[in-house]
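Student: have a look at this prediction, sequence included:
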Amino acid sequence: MGLSVKHSTKYPPLNDFAKSIFALAIFLFVTQIQNVAPAYAIGYRSEEDFRVAKHGQQFLNSGKLQDAIEYLNQSIAQKPQSAELHYELGNAYLRAREFTRAIESYQQAVRLRNPFPEATLNAAYACMDAGMELQAIPWFHKYLRENPKVPQAKEVEAELLCAHAKAQMKEKRNFDAKQTLERALQIAPTSQLVLFSLARARSELGDTKGAISAYEALLKLNPKHSAAVLNMAECYQTSGQLPEAVTWLKRYANANPTSPDTEEVRRMIVALTEKSNEKRSDPQALDYTDSISK
């Protein structure tokens, strides 16, 4: 009977580290996709609304989310029929991760001004961020129905398929989700959302090599994609390639030295380095992937 690799008493089991990496990566990815609505002007119907919105955006850009929310709510109290101000309030709530309120604000914006493409699309994104994929799907359909010829229509169509795939994964239909995402990739081969989602689906199916391939394609498009960097570490760690996992964790830590998550990542680096050294010093130890399955 072979020797099993013992876990350090200073750190949780290494498969727990994989879960920690994945949870942290998902949070980072959600943060990164919150502001993907079209950047073109939404067409304010009054200069006063434009001035108010611009001031609210200044709060957002300086990180003062609650100040922006308070200011926009006060402005809406004076002009409740301004669809544009409801839209800006939705953006503030979305940045603050108050997804339910963001969705409500976008809904009100669309009620007051229909069609309102930007509010419609951001409502879909807010639903996705909130994990409400089935509610996001009608918003995506509405946007595509009303804006079939916009330059980003193909990417939005692919994002719609991502919503379907995410719902399929929640139902444990991972193979169906992978097929859905491969269709999405054919439609929008440079979509970061599609590549990230496809990598996750492949990972859930145990296709670590395929997951790594998708993350590599994503990182070619966006080398600073923090969630992809962390999930690369997860792929290598769960497959027992600990030095490679450490390399990717160090890449994240070096690129994000002031992030509140970096301390946790540094603890992961220490633990994985320790386990990697144990494996090299004990040639009779079981393969890492065998040990974590016990």
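Tutor: In hand now; what should we look at?
Student: what's the helix or strand for His86?
Tutor: Here His86 sits within helix 83-95, counting by DSSP states H and E.
Student: helices or strands next to that helix in the packing?
Tutor: Helix 83-95 is packed against helix 47-61, helix 65-78, helix 99-112, helix 117-129, with contacts defined by 3 or more C-beta pairs under 8 Å, 6 or more residues apart in numbering; DSSP states H and E. C-beta here means a position set from N, CA and C on the backbone, and glycine is covered the same way.
Student: I'd like those helices as TSV, with mean neighbour count and mean pLDDT appended.
Tutor: TSV is the format used below for those (neighbours: other C-beta atoms under 10 Å; pLDDT from 0 to 100):
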stretch	mean neighbour count	mean pLDDT
helix 47-61	16	90
helix 65-78	16	97
helix 99-112	21	98
helix 117-129	25	96
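Student: which stretch among those helices comes nearest Glu278?
Tutor: For these, the distance to Glu278 is smallest for helix 117-129, at 39.9 Å, taking C-beta to C-beta.
Student: contact partners of the closest one?
Tutor: Outside helix 117-129, the residues that touch it by C-beta atoms under 8 Å, 6 or more residues apart in numbering are 30, 33-34, 36-38, 42, 83, 86-87, 90-91, 94, 97, 99, 102-103, 106-107, 109-110, 113, 133, 135-136, 139-140, 142-143, 146-147, 150, 156, 159, 162-163, 166.
Student: now the element after that helix, going C-ward?
Tutor: Taking DSSP H and E, what comes next after helix 117-129 is helix 133-146.
Student: tell me how far that next one lies from the chain's centre.
Tutor: Its chain's average C-alpha position is 19 Å from that of helix 133-146, according to C-alpha atoms, centre = their mean, to the nearest Å.
Student: who does it touch, helix- and strand-wise?
Tutor: Partner elements for helix 133-146 (3+ C-beta pairs under 8 Å, 6+ apart): helix 117-129, helix 153-170.
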